[in-house]
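Q: what's the 3D shape of this:
(2 chains)
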Amino acid sequence: MVALGAGSYLYNPRGGWAADPIKVGVATDITGPISWGGIPNANIARMVIDDINTSGGLLGRPLQMYLEDTATNEALAVTRVRKLVTQDRVDVVLGGITSSMRNAIKDTIVNRGKTLYIYPQLYEGKECTPYLFCTGPTPAQQCDTFIPWLIRNGGTRFYLPSADYVWPHVLNAYARKTIEQHGGEVVDEEYFPVDHNDYGATVNKIMSNKVNVVFNTTIPPGLAAFFKQLYEAGFNRNGGRLACVYYDENALNITPANEIEGLGSCLDYFKAVNDPAGNKLQAEYSRLYPGSILFTAGSAATGMYRGLKLWEAAVKEAKSVKREDVAKALDHAKIADGPGGGSQFVPGTRHVKMNMYTAVAKGGTFEIVAKSNGPVMPGECG
Amino acid sequence: MSVVPFVFDVLAYGAIFVLVALGLGVIASMMGIFNFAHGELVLLGAYTVYLLEQRSVPSWAGMICAPIVVGGIGLLLERTVIRRFYAAPVVAMLGTYAIGLALREGVRGLLGGQFYSVTAPLVGSYTLGDVSISKWRSAVIVITALVMAACWLLLVRTRSGLQVRAALENPALARASGISTDRVYALTFALGSALAGLAGGLMVPIYSISADMGVPFLIKSFLAVMLGGTAGFEGAMAGAAFVGGSSAALPWFIKPVVADLLVFVIAIAVMKVRPQGLLSRGGT
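A: Predicted coordinates:
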């Protein structure tokens, strides 16, 4: 690994190779408030690329990884990504975690750099830019089975406290539709600045309106204060159900376990799924990257794995790394196995169908309570 | 509308905010330097409590150590960096900005970019009928009131306090009277930092620790100090009470995003009407 200075890193393939390397660009938030997601993304990318190289590379060529730190700073990210596509001339870019980051960097990658872009994180949908492929869950995948489960295991009165940016706004529109379709009602939908930390008024409204389910889309840093104030007001004690669709094993550290007891989440993978492919990845990941930052779905790490393996399959089919050839193959690419199960791009949509799992936080870990009946359709760009 | 939760909410948030803004205000009114690293001093207080809890020290003990540790760090910063720029306060502010950035990213590296929770010394809530009041947040209100009283006594009843107030009103005359403004400045910076550290330690069970936890307080604290005007300690308290109180109260009536904006609008309006601040010192 070579540090090229100012958030740029180069991972060269080990050993001697006859052919030129294929360049893979990874742009993710290794520093800044979203670094809890960026770090596992970078780790899993290195792990997968190393694995591919050890198995003989791709099309007989080794993979070389260019890692850029987007630092949770959209303005800075654009300059770093521009370097990836115009100077380093990578053959594909994977990355971006928040929707605001994706929106900031996609034009540089897709239009200026004319490069393929794979976005690995759960998001609000409606991203239909050509040559932009999404490997994370969409609102349809996160809400269609989760919300009926919440109504059955929580109640019909919903409250939507949200961070004020694109993802919660668009997700809430979909969630509201689904809630009302299944006989629930939305008591209120409220938006807060991301760093807002006083939720007394909201908590009071939730308690006095006898809300059953808090479908939360606030994000850290405000999230911790909100959950704590909700807990202290007695929401959980009175049988209220918390729900948060990005909550994964890494998020469990944000608040004490008792404050989120019973919180429901719906993702493409949890460690508790205990599937052979997932377990193998977990073992290798913990061996290479021991510590408290885990391989999870809420931090786009499973989407990054999926993105890389599907891209690998597409390159093999297309026998080329040219964007147009790979995009044609990627359009219907499939991997038989992965964390939580295999996945496949739905032709013509650039989104992936995959298994979805509903899990509940119990005593500081997640317990799977429902599993989708096979892969769930993403319902985007169709 | 439920009166008790409302009043409690305003008091609880206001108390924490007063503690944060007071430290900044004391430094700003004394030396004319807005300490851009103030949010990070709050963070260091929180980090001290978190670190000690990791080593099985109970959080209440950590909270007693936090102001001492952060006061010491503030003193160190003042002696090494800040004092070189007293002739050019703007440059000093840039220096504090750089320090703040270094501290924030340093702590972010140590925390691995994650959020961690710390257990409050008092867990749970008091229930009065329908209403639940957090035990720890009540304790913070009481502790803040005691600390305010202690600071006021320090300034009004002790010799050092007298020197501080003298240097505040008229530095040249204070120096001519044999008061070492150098020492007074160091003491003030240490005191302001200690208050920030205490605020950080007290608030960490409520908000969880993360590298960015000091940032939202910084701009609002500046607002509080500007509102407080030239009246030093009492002014900073009045300004902080106003900004903190309205930040907590407004979301009860209007949308939170609008409420945030409105705090600034109201503060600007007040300063237009009363440019000298909410309270002002008359004469010498």
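Q: Next one: A:L94 from A:T296, what distance?
A: Distance of A:L94 to A:T296, computed by C-beta to C-beta, to the nearest Å: 17 Å. Quick note: C-beta positions are derived from backbone N, CA and C, even for glycine.
Q: B:N170 now?
A: Remark: distance between B:N170 and A:T296 (C-beta to C-beta) = 60 Å.
Q: The two: which is more packed in?
A: Of the pair B:N170 and A:T296, A:T296 is the one with more neighbours under other C-beta atoms under 10 Å in any protein chain shown, namely 26 against 12.
Q: Which residue, neighbours along the chain excluded, lies closest to the more buried one?
A: Distances taken as C-beta to C-beta, 6 or more residues apart in numbering or on different chains place A:D248 nearest to A:T296, at 3.9 Å, with adjacent residues excluded.
Q: Can you report how many residues lie near the residue lying closest to A:M356 once chain neighbours are set aside?
A: Nearest non-adjacent residue to A:M356, counting by C-beta to C-beta, 6+ apart: A:S372, 4.4 Å away. By other C-beta under 10 Å, the residues close to A:S372 number 20.
Q: Could you check the pLDDT of A:S372?
A: Turning to A:S372, the model gives it a pLDDT of 92.
Q: what does chain A put close to chain B?
A: Applying C-beta under 8 Å from any C-beta of the partner chain, we find that chain A lies next to chain B at A:31-36, A:38-39, A:164, A:190-193, A:195-198, A:200-202, A:204, A:208, A:220-221, A:224-225, A:228-229, A:232-234, A:250, A:253-256, A:291-293.
Q: that older thread, A:T145 is in contact with the residue nearest to A:M356, correct?
A: Yes - counting by C-beta atoms under 8 Å, A:S372 touches A:T145, with 6.0 Å between them.
Q: joint contacts of those two?
A: Residues touching both A:S372 and A:T145 (C-beta atoms under 8 Å, 6 or more residues apart in numbering or on different chains): A:M356.
Q: Now name the helix or strand holding the residue nearest to A:N258 when sequence neighbours are not counted.
A: Spatial nearest neighbour of A:N258, chain neighbours left out: A:Y231 (7.4 Å); criterion: C-beta to C-beta, 6+ apart. Assigned by DSSP states H and E, A:Y231 belongs to helix A:222-232.
Q: which strands and helices sit next to that helix?
A: Helices and strands touching helix A:222-232, by 3 or more C-beta pairs under 8 Å, 6 or more residues apart in numbering or on different chains; DSSP states H and E, are helix A:200-208, strand B:131-134, helix B:181-207.
Q: Give the next helix or strand downstream of the last one.
A: Right, the one you point to is helix B:181-207. Using DSSP H and E, the helix or strand that follows helix B:181-207 in sequence is helix B:215-228.
Q: Send me the next helix or strand after that next one as PDB with only the CA atoms.
A: The first helix or strand that comes after helix B:215-228 along the chain, using DSSP H and E, is helix B:232-249. Extracted as PDB, the C-alpha positions of helix B:232-249 are listed here (Å, rounded to 0.1, in the frame of the first residue of the first chain):
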ATOM      1  CA  GLY B 232     -18.500  40.200  31.000                       C
ATOM      2  CA  PHE B 233     -19.700  37.400  33.200                       C
ATOM      3  CA  GLU B 234     -23.300  38.400  33.800                       C
ATOM      4  CA  GLY B 235     -23.600  39.400  30.100                       C
ATOM      5  CA  ALA B 236     -22.400  36.100  28.900                       C
ATOM      6  CA  MET B 237     -24.800  34.300  31.200                       C
ATOM      7  CA  ALA B 238     -27.700  36.400  30.000                       C
ATOM      8  CA  GLY B 239     -26.800  35.900  26.400                       C
ATOM      9  CA  ALA B 240     -26.400  32.100  26.900                       C
ATOM     10  CA  ALA B 241     -29.700  31.800  28.800                       C
ATOM     11  CA  PHE B 242     -31.500  33.700  25.900                       C
ATOM     12  CA  VAL B 243     -29.900  31.700  23.100                       C
ATOM     13  CA  GLY B 244     -30.100  28.300  24.900                       C
ATOM     14  CA  GLY B 245     -33.600  28.900  26.100                       C
ATOM     15  CA  SER B 246     -35.000  30.000  22.800                       C
ATOM     16  CA  SER B 247     -33.200  27.100  21.000                       C
ATOM     17  CA  ALA B 248     -35.000  24.700  23.300                       C
ATOM     18  CA  ALA B 249     -38.400  26.500  23.400                       C
END
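Q: what comes up buried for whatever helix or strand comes next after helix B:232-249?
A: Per DSSP H and E, the first helix or strand lying C-terminal to helix B:232-249 is helix B:256-273. Buried residues in helix B:256-273, counted by 16 or more other C-beta atoms under 10 Å in any protein chain shown: B:256, B:259-260, B:262-263, B:266-267, B:270-271.
Q: Thank you kindly, that will do.
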